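A.B. asks: What follows is a protein structure lacking sequence information:
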């Protein structure tokens, strides 16, 4: 035992206890993770404006349905809201407006948004929305 104490005194790396392997992340692993994080951040930054526009379209059709009295006024109200909220993907003429049996209107839309990621790679997102036929039967709050 005195020999082990002597070795540990001479060489601090030598220990009486069993040596443990060092864990961690290699440089290659760090680069791969950094690349994946950069790709995810790039996609997120490119997708966020399209999601924001989609939510603005949903708000605009709800407003158009609440304020409009016929198909033409619904589309006009939507176009006004689109110019205010910077909606450039669809117009009022792209909306599908249906008259429900109770006299109210249901408004729906459907469009594809293509986002170029890099080179020949692009991402296509299909956005759909409607004011809802079930919502038309509810009493206003």
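C.D. replies: Yep, it's here. Treat the numbers as computed from the prediction; the structure is a model and nothing was measured. Numbering: from 1, shown residues only.
A.B. asks: and residue 81, what element?
C.D. replies: helix 71-85 (DSSP states H and E).
A.B. asks: Please disregard the earlier target; I meant residue 129.
C.D. replies: Assigned by DSSP H and E, residue 129 belongs to strand 121-130.
A.B. asks: Partner strands of that strand and their direction?
C.D. replies: strand 105-118 (antiparallel) (DSSP bridges).
A.B. asks: Can you list the buried residues in the partner strand?
C.D. replies: Judged by neighbour count using 16 or more other Cβ atoms under 10 Å, the buried positions of strand 105-118 are 105-107, 109, 113. Bear in mind the C-beta positions are built from the backbone N, C-alpha and C, glycine included.
A.B. asks: So which of the residues you listed is the closest to residue 122?
C.D. replies: Closest approach to residue 122 among these (Cβ to Cβ): residue 113, at 10.2 Å.
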